[in-house]
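>>> coordinates only, sequence not included:
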């Protein structure tokens, strides 16, 4: 979708804050919701789909294309330090590559730990619960979580230009894909009204089954296992599989419902999380 059209759909300028965008989305969602337009359901579904798509496009653009200044400054410093860490000029190219690889691995581990701390905080404060997230203190915590994820996402993506090592490229790519899709999924605002329309009622019920299963899985991965001291990987894998099946069933049975956009986003996150689990927890 064209970014300018997305802002126009929300009746906002491109300088709007994230909170202003969320408020505009909620206001328009209640206006266009099928329950509010029982005599023009087709129009309401089209408007809700366009609204969901516009909101998602804007937030994805802000996540991927607006690099935090702190990240830019840190990466410049990191680039300046690397030549000093590579070793003397008379050392072999192979040794230099080993040093460079070690530097990238250590940098990535620091980024990964920072993201894991942010995701732990997300569940610690129950920020998946939209009502709790709207509380003033929790909204600030959510913004901190998003900033940490975004900053580390851009740091890790910058490493891809620094290596030809296929193993590192795979790890960097899989991890950043996972946290990006987590962010997209976390920004699904789930505007729920009375849902008098039978199609959306059934679509929501099927979607909710998948969403509940996905929540069990990623809470196990990023929160419960740390508190428990051991990882129930079989539980996470089983619920991820169930989530994927429920999301695909929703899209197959209700492709034009107002829940289709969010269902696709959650399905992509479930798939990215599965890939992450397979790569990082098989080592």
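Everything's here; your move. Quick caveat: nothing in here was measured; it's all calculated off a predicted structure.

>>> which stretches of the stretch 51-200 of the chain have low pLDDT?
Within the stretch 51-200 of the chain, the segments meeting pLDDT under 70 span 69-96, 190-196.

>>> For it, which segments are assigned as helices?
Along the stretch 51-200 of the chain, counting by DSSP state H, counting those that start in this stretch, helices occupy 69-85, 93-124, 130-133, 136-159, 166-186, 198-219.

>>> What is the longest one packed up against?
The elements that helix 93-124 packs onto, with contact taken as 3 or more CB pairs under 8 Å, 6 or more residues apart in numbering; DSSP states H and E, are helix 69-85, helix 136-159, helix 166-186. All C-beta spots, glycine's among them, are computed from the backbone N, C-alpha and C.

>>> among those helices, which is nearest residue 263?
Minimum separation from residue 263 across those (CB to CB) falls at helix 166-186, 10.8 Å.

>>> tell me the domain ranges of this protein?
What automatic domain parsing lists as the domains of the chain is 1-66, 81-182, 188-283.

>>> Quick check: which of these is buried the most?
domain 188-283 (a mean of 18; mean count of other CB atoms under 10 Å).

>>> And the contacts of the host helix or strand of residue 48?
Using DSSP states H and E, residue 48 sits in helix 41-65. By CB atoms under 8 Å, 6 or more residues apart in numbering, the residues outside helix 41-65 that reach it are 1, 3, 5-7, 9-10, 18, 21, 25, 28-29, 32-34, 36-37, 150, 153, 180, 183-184, 187, 189, 197, 256-258, 260-262, 265.

>>> And the closest residue to residue 111 other than its chain neighbours, how far from residue 67?
The shortest distance from residue 111 to any non-neighbouring residue, by CB to CB, 6 or more residues apart in numbering, is to residue 152 (4.3 Å). Per CB to CB, to the nearest Å, residue 152 is found 12 Å from residue 67.

>>> now residue 184
Per CB to CB, residue 184 is found 18 Å from residue 67.

>>> same thing with residue 239?
Applying CB to CB to residue 239 and residue 67 gives a distance of 34 Å.

>>> ditto for residue 203
From residue 203 across to residue 67, the span is 37 Å (CB to CB).

>>> Repeat that for residue 252.
Distance from residue 252 to residue 67, by CB to CB: 38 Å.

>>> And for residue 270?
Residue 270 is 27 Å from residue 67, where distance means CB to CB.

>>> got it, and residue 274?
Using CB to CB, residue 274 is found at 28 Å from residue 67.

>>> Likewise for residue 242?
Residue 242 is 36 Å from residue 67, by CB to CB.

>>> just residue 174 next, same as before
Going from residue 174 to residue 67 by CB to CB gives 21 Å.

>>> same deal with residue 102?
Distance from residue 102 to residue 67, by CB to CB: 26 Å.

>>> What of residue 279?
Distance of residue 279 to residue 67, computed by CB to CB: 25 Å.

>>> swap in residue 200?
38 Å.
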